[in-house]
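Visitor: Provided below are the primary sequence and the corresponding predicted coordinates.
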Number of protein chains: 2
Amino acid sequence: MFRLLPLRSIRNFRSKFLNHNLKTNLYISPGAFKWSSTKLPKNIYLLDDADNEDHVTQSKSNKYTCRTYNCTELRTENVGERVTLCGWLEFQRMNKFLVIRDGYGHTQLLIKDNDTKTQSLVNTLPYESIIKITGTVLSRPKEMINKNQKTGEIEVSIETFQVLNKASDNLPFNIREYQKAKEALRMKYRYIDLRFEDMQRNMRVRSNFLMAMRTYLVNECNFVDVETPTLFKATPGGAQEFIVPTRFPGEFYSLVQSPQQFKQMLMAGAIDRYFQIARCYRDESTRSDRQPEFTQLDIEMSFTDCIGVMSLVQDLLQYAWPNIVKPLHRYFPKLTYKEAMEKYGTDKPDLRFRFQLQDCTDALKECEKLPTTDNFAAFYLVFEEPYVHLSSSIKNKLVQLSQNYAEARLIQSKINNMNDWIAKMSKVFGEKTCSNLHGSIKIKDNSILFLCYGNWKHVLSMLGTVRSEYVEHLELQGHKIKDNAFYPVWITNFPLFEEGKAPGSLQSAHHPFTAPHPDDVNLLATEPLKVRALAYDLVLNGNEVAGGSIRIHDPSQQEFIFKLLNIDKQLMSYMLEMLGSGCPPHGGIAIGLDRLLATMLNTQSIRDVIAFPKTFEGRDPISGAPAPINEHDKKLYSIDISNKL
Amino acid sequence: MFRLLPLRSIRNFRSKFLNHNLKTNLYISPGAFKWSSTKLPKNIYLLDDADNEDHVTQSKSNKYTCRTYNCTELRTENVGERVTLCGWLEFQRMNKFLVIRDGYGHTQLLIKDNDTKTQSLVNTLPYESIIKITGTVLSRPKEMINKNQKTGEIEVSIETFQVLNKASDNLPFNIREYQKAKEALRMKYRYIDLRFEDMQRNMRVRSNFLMAMRTYLVNECNFVDVETPTLFKATPGGAQEFIVPTRFPGEFYSLVQSPQQFKQMLMAGAIDRYFQIARCYRDESTRSDRQPEFTQLDIEMSFTDCIGVMSLVQDLLQYAWPNIVKPLHRYFPKLTYKEAMEKYGTDKPDLRFRFQLQDCTDALKECEKLPTTDNFAAFYLVFEEPYVHLSSSIKNKLVQLSQNYAEARLIQSKINNMNDWIAKMSKVFGEKTCSNLHGSIKIKDNSILFLCYGNWKHVLSMLGTVRSEYVEHLELQGHKIKDNAFYPVWITNFPLFEEGKAPGSLQSAHHPFTAPHPDDVNLLATEPLKVRALAYDLVLNGNEVAGGSIRIHDPSQQEFIFKLLNIDKQLMSYMLEMLGSGCPPHGGIAIGLDRLLATMLNTQSIRDVIAFPKTFEGRDPISGAPAPINEHDKKLYSIDISNKL
């Protein structure tokens, strides 16, 4: 295929890339010099490589630059070509063999024997200096071919060697996978740490994954990408929000913890399919998986339902999932909150391994020797051979953990013979209960039993912890328990409310805009804690990676929920007016991208998928921010520093 | 083409969309019910419409929803189809004809004569209520066909009518283009304002334009989208930055005014082609074209130069420019800062109209009657018939404006006859100078002359203002001066420094990381104000829409520039270390999306291309933010409100 190129272009071109042969020139995008061609004589024809897949791919990362290839592109097909490469000097041997590296890969360079100038230059040049070379591609001698390296069959014989930027002699650490520095040091010098192959992969996979999700939403589903403000008003309830002083004395913005209210306004505003990759802010004690600012893929749709939103997310992830990791199952299973709790003891079940909880409430509920608690329950968990390692250390650890669940008791037993065990238990539960137990608990000899009874929630949460802790323990013992694959699962029918801190008070399990389950609306006034929500979480290998709900669209219902939550409706009057202005039924979801990518790429922490993360304490490791402010700012924003603390 | 669909799906499907015929069902994405199909009997085959362009387009905006079409899709081809539509009740006539509207368009609905139930329902239903109808598509009677409406040839006969959400009876304003409310009211109820056709267009064009730019950068040029922090450290110099208190008493983050430092670190980090659509913050007095938070397309490349970056932006805009507006010229012309000033009296020239300044410095520079000023210059601007309207009102206005330029004088003359004018001027300039003038200024009789002399910068800026103001005046007089098209122009070779506020001090014209022009480096120490920068702005119809530069990559040069700018190098030590760690030569640009879209869509202000803009004063018009904070936050962040002001 032919493309018009103006005459002078060719001249610029030649002068700019003098020592490339014509073939090479063509990798430079024609755009790269059209700017100067406004008043040119009429155009001439020049061959364009667009129909050559391979060359087009190469040109993509090199357009608008002074290199002709990046450091991973050259192959034996290129032998004989005159090329220009730029990158970091990674290594040199005998002042003869160099390795040049960039974000894409490595290429071996060769200094000619008679090129003493370059030899002496390289001899004193620190590694990690930035060099630019032109040279000719040679095929390596048979014995020097490296099949493990993409460019392992070629090397480039240097003709011109230029140092673009010298690196200092003593960098804080080297770019060697086998001697990675401690995280604190890596974070302080993140701009060096990013040169590592795994960080390059993380950053590039992240970018491509986000782009693929956008492509599905925009090109396949006509979603509209809308940027919403981050400087907003405090949301009652929910996480601690950062505040931002303004020139209005005593008045502050809050940094949004999510675009929730704006995206609902967009539904009322006829943007019926909205998404945004949104920056969100929460001032939470930075845990290993939390950052003060983070990104979520935020989605909202009108005229949809739970099925609609969950299906969208499934198709979306299926479409965008990178093929360098294991695939996602085409269909995501679903568990209700109750099922998840009673099978796995958590609403974030890790389905990479079995070992489900089992119910023995009936057997114990009549036992008069037990303290009666609200909604009593008894569940147990069994590990048979070969998973029988109840060492005293793990036993003690589990006892420790069980302390966190005041209203439940844990019994851990290595059972050699069921009858002996029942006999022992009769002292605790009495004869009658134990015969019930005998009927309901079926265990092989030489098994481990974790039995737990008391308050339903405490019992299950405790056994959930036991389940994951004991499996960790087994893996340390050398057992391979967790399947190395992706197990997504939807959790649905969450309770709408939880008990609040103040006795008798309520708080939202999700947020105040979540719609109650239609079948439970009649319970709102009488038994609100029994009301289920039209909410759904997506859990992947035990991590919550997305959460959403159908929202309330009826202003009177929203007002009633505010009342139950003791939220001043005046503060939220604009939301009630919005719902009353003709707001479609709508629902959505937010996908936590940092957590999802960390799970997908199986990194130590979410910090490994974030270019410039904050430390645990929320400090910027490079600049040391936060920092004191000057008097000018204090005056401008009418604030003093108090020492109340 | 065929696609696998599980058996139960079809059942869900039927129950979910009972009153659709099979054809219609197929518009619903199969994904929309797969979720529940984990444990299904083996699959059956079902025809998929994917090969039918038209249907695929339709399905895109309706996937995962309970509607089968949106309100702009139905055509005569659909006559006889059973359809479901959702939207706003816009209008009704005679309890018989309804208009339903959504973000895509309008459809006319018909109530059957015998359907008294729906008739009485509609009779009392407020406009803007949300309704859902199913019905059959009919072709309109000839006399009722509306060629101006996409759906003007059909109407839908209602079979089921459902009110999903009733609107309140008294909304603040109607959705009628011909009676748009005042902006303040529109902003307070933005979620209603967004329903207007023009706001829908602005939001959707913005989304598609951004997506197209991403597509070019990622798919055509292998750029990597990296999210950088917004909570960072204050940057010395530059705009006023918002501050964010933290749990560290007295320590604050600053909200970034751009990702400048992070993107340079990414270059050192081997992400050699970076972009981000970045949220930026500046606490500036909110002018009609400023917002406290705004978005820019932020780009940085390694191993490139001015040509490379400018070419990229040209190709990018060319690729992404929407075809609903006039096209962009393929090549953008270039002017140096000096050329732009001396031809148009501004570095943001509006090339939609001619009238260039002309130089007459030589004629006046020897005139002893004039006060001698630094770098004296004299320029003039001529308007010939039919552009001769020097009314006293405009004359006075220009006199007013000229006051802003202390070191320049303005002469405005209606010249009936050149000789008479020269005679008059001789009193001002003396005989000799006037004869020079006669030689150098060529003007037809009956022209208007604006002559300006004094300090070069003041003279040109003043004439630049005169040029634009007088052209505004001419357009008010009914002349069509500005060509209704897009005139992009690159401005290059800006000065690196400007005089700072303190006498003798310097400040960056762009920012402290901008590289000096290689030819001027020798002037850095001696005549810094004469040093040109490797900086470039893109100006479109008189608006600066992008600005960028090649950056300093040599740590010693950067340190020297900090010194000249009196910036404490300790504050910036991490940047110097970064450059010294092996940082490639690099450069980039930032495109101001709000300004660019407002210019592209020719809106009154940038607020019309932003979903939820702040007011002039920086308030959120919906929630009223900013707002006072509670004692808990004051204590948590160790701040008191001072009354210094």
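Guide: The structure has been received and is ready for your questions. Numbers count the residues shown, from 1 in each chain, chains lettered A, B, ... in the order given.

Visitor: Which residues does stretch A:200-212 contact?
Guide: Contact partners of stretch A:200-212, identified using C-beta atoms under 8 Å, 6 or more residues apart in numbering or on different chains, comprise A:103, A:194, A:277, A:297, A:319-322, A:324, A:593, A:597, A:600-601, A:603, A:608-609, A:611, B:214, B:218-219, B:224-226, B:270-271. (C-beta placed from N, C-alpha, C; glycine too.)

Visitor: So residue A:449: helix, strand or coil?
Guide: Secondary structure, DSSP: H, G, I helix; E, B strand; the rest coil: residue A:449 is strand.

Visitor: tally of neighbours for whatever residue of the stretch 51-200 of chain A ends up closest to chain B?
Guide: Here the stretch 51-200 of chain A gets closest to chain B at one residue, residue A:194, 3.0 Å apart by C-beta to the nearest C-beta. Residue A:194 sits with 22 neighbouring residues when counted by other C-beta atoms under 10 Å in any protein chain shown.

Visitor: which residues sit in contact with it?
Guide: A:200, A:203, A:611, B:265-266, B:268-271.

Visitor: Highest neighbour count among these?
Guide: The residue in the contacts of residue A:194 with the most neighbours, by other C-beta under 10 Å, is residue B:268 (30 neighbours).

Visitor: Just confirm that one contacts residue B:582, I think it does.
Guide: Yes. Counting by C-beta atoms under 8 Å, residue B:582 is a contact partner of residue B:268 at 6.9 Å.

Visitor: For residue A:533, which residues are in contact?
Guide: Residue A:533 makes contact with A:493-496, A:509-510, A:514-517, A:549 under the criterion C-beta under 8 Å, 6+ apart.

Visitor: who's in contact with the closest residue to it other than its chain neighbours?
Guide: The spatially closest residue to residue A:533, leaving aside those adjacent along the chain, is residue A:496, at 4.0 Å (C-beta to C-beta, 6 or more residues apart in numbering or on different chains). Taking C-beta under 8 Å, 6+ apart as the contact definition, residue A:496 lies against A:508-510, A:514, A:516-517, A:520, A:528, A:531-533, A:535.

Visitor: Give me the distance between residue A:496 and residue B:394.
Guide: 67 Å (C-beta to C-beta, to the nearest Å).

Visitor: if we can go back for a sec, looking at the contacts of stretch A:200-212, which are in helices?
Guide: Members of those lying in helices (criterion: DSSP state H): A:319-320, A:593, A:597, A:600, B:214.

Visitor: Check these and tell me the two furthest apart.
Guide: Comparing all pairs in the ones in helices among the contacts of stretch A:200-212 by C-beta to C-beta, the longest separation belongs to A:600 and B:214, at 20.9 Å.

Visitor: which of those two has more neighbours?
Guide: Applying other C-beta under 10 Å to residue A:600 and residue B:214 shows that residue A:600 carries more neighbours, namely 25 against 22.

Visitor: who are the neighbours in contact with the nearest residue to residue A:188 once chain neighbours are set aside?
Guide: Computed as C-beta to C-beta, 6+ apart, the closest residue to residue A:188 that is not its neighbour in sequence is residue A:621, at 4.9 Å. Going by C-beta under 8 Å, 6+ apart, residue A:621 touches A:184, A:187-188, A:190, A:614-615.

Visitor: shouldn't residue A:311 be in contact with residue B:64?
Guide: Yes. Using C-beta under 8 Å, residue A:311 is in contact with residue B:64, at 5.7 Å.

Visitor: Now, of the contacts of stretch A:200-212, which are buried?
Guide: For those, a burial check counting by 16 or more other C-beta atoms under 10 Å in any protein chain shown picks out A:103, A:194, A:277, A:297, A:320-321, A:593, A:597, A:600-601, A:603, A:608-609, A:611, B:214, B:218, B:224-226, B:270-271.

Visitor: give me the number of residues near the closest residue to residue A:388 other than its chain neighbours?
Guide: Using C-beta to C-beta, 6+ apart and skipping residues adjacent in sequence, the residue nearest residue A:388 is residue A:448, 5.5 Å away. Neighbour count of residue A:448, defined by other C-beta under 10 Å: 19.

Visitor: hmm, which helix or strand of chain A has the shakiest average pLDDT?
Guide: Lowest by mean pLDDT, DSSP states H and E among the helices and strands of chain A is strand A:44-47, with a mean of 28.

Visitor: distance between the ends of stretch A:428-447?
Guide: Distance across stretch A:428-447, first residue to last, is 20 Å (C-alpha to C-alpha, to the nearest Å).

Visitor: Which positions within it qualify as buried?
Guide: Neighbour counts using 16+ other C-beta under 10 Å place A:429-430, A:433-434, A:436-437, A:440-441, A:443, A:447 of stretch A:428-447 among the buried residues.

Visitor: rewinding a little: nearest to residue B:165, out of the contacts of residue A:621: which one, please.
Guide: The closest of the contacts of residue A:621 to residue B:165 turns out to be residue A:614 (C-beta to C-beta; 42.0 Å).

Visitor: secondary structure class for the closest one?
Guide: Assigned state for residue A:614: coil (three-state reduction, three-state DSSP).

Visitor: and it, how many neighbours?
Guide: Close neighbours of residue A:614, defined as other C-beta under 10 Å, add up to 22.

Visitor: Now for it: which residues touch it?
Guide: By C-beta under 8 Å, 6+ apart, the neighbours of residue A:614 are A:286, A:291-293, A:620-621, B:229, B:231.

Visitor: likewise residue A:629?
Guide: By C-beta under 8 Å, 6+ apart, the neighbours of residue A:629 are B:234, B:243, B:250, B:252.

Visitor: Could you do residue A:183 as well?
Guide: residue A:607.

Visitor: Just read off the phi/psi values of it.
Guide: Note on residue A:183: backbone dihedrals following degrees, to the nearest 10 are phi -60, psi -40.

Visitor: quick one: residue A:617 from chain B, how far?
Guide: Counting by C-beta to the nearest C-beta, to the nearest Å, the gap from residue A:617 to chain B is 8 Å.

Visitor: Tell me if that residue really is in a strand.
Guide: No. Under three-state DSSP, residue A:617 falls outside any strand and is assigned coil.

Visitor: confidence score at it?
Guide: If you check residue A:617, the pLDDT there is 89.

Visitor: so how far is residue A:125 from it?
Guide: Taking C-beta to C-beta, one finds residue A:617 at 39 Å from residue A:125.

Visitor: Take the contacts of residue A:496 and write them to CSV, including pLDDT and secondary structure.
Guide: Below are the contacts of residue A:496 laid out as CSV (pLDDT from 0 to 100; DSSP: H, G, I helix; E, B strand; the rest coil):
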residue, pLDDT, secondary structure
A:508, 95, strand
A:509, 94, coil
A:510, 92, coil
A:514, 97, strand
A:516, 98, strand
A:517, 97, coil
A:520, 97, helix
A:528, 96, helix
A:531, 98, coil
A:532, 98, strand
A:533, 98, strand
A:535, 98, strand
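
Visitor: For chain B, what's its nearest residue on the stretch 201-350 of chain A.
Guide: Closest contact between the stretch 201-350 of chain A and chain B, by C-beta to the nearest C-beta, is at residue A:269 (3.0 Å).

Visitor: For that residue, give me its contacts.
Guide: Residues near residue A:269 by C-beta under 8 Å, 6+ apart: B:190-195, B:199, B:611.

Visitor: Which members of these are classed as buried?
Guide: Neighbour counting with 16+ other C-beta under 10 Å marks B:190-195, B:199, B:611 as buried within the contacts of residue A:269.

Visitor: Okay, and which of the residues you listed map to strands?
Guide: Among the buried ones among the contacts of residue A:269, none falls in strands (DSSP state E).

Visitor: Out of these, which is nearest to chain A?
Guide: Of all the buried ones among the contacts of residue A:269, residue B:194 has the smallest distance to chain A: 3.0 Å, by C-beta to the nearest C-beta.

Visitor: Show me what residue of the stretch 401-550 of chain A gets nearest to chain B.
Guide: With C-beta to the nearest C-beta, the shortest gap between the stretch 401-550 of chain A and chain B falls at residue A:490, namely 7.0 Å.
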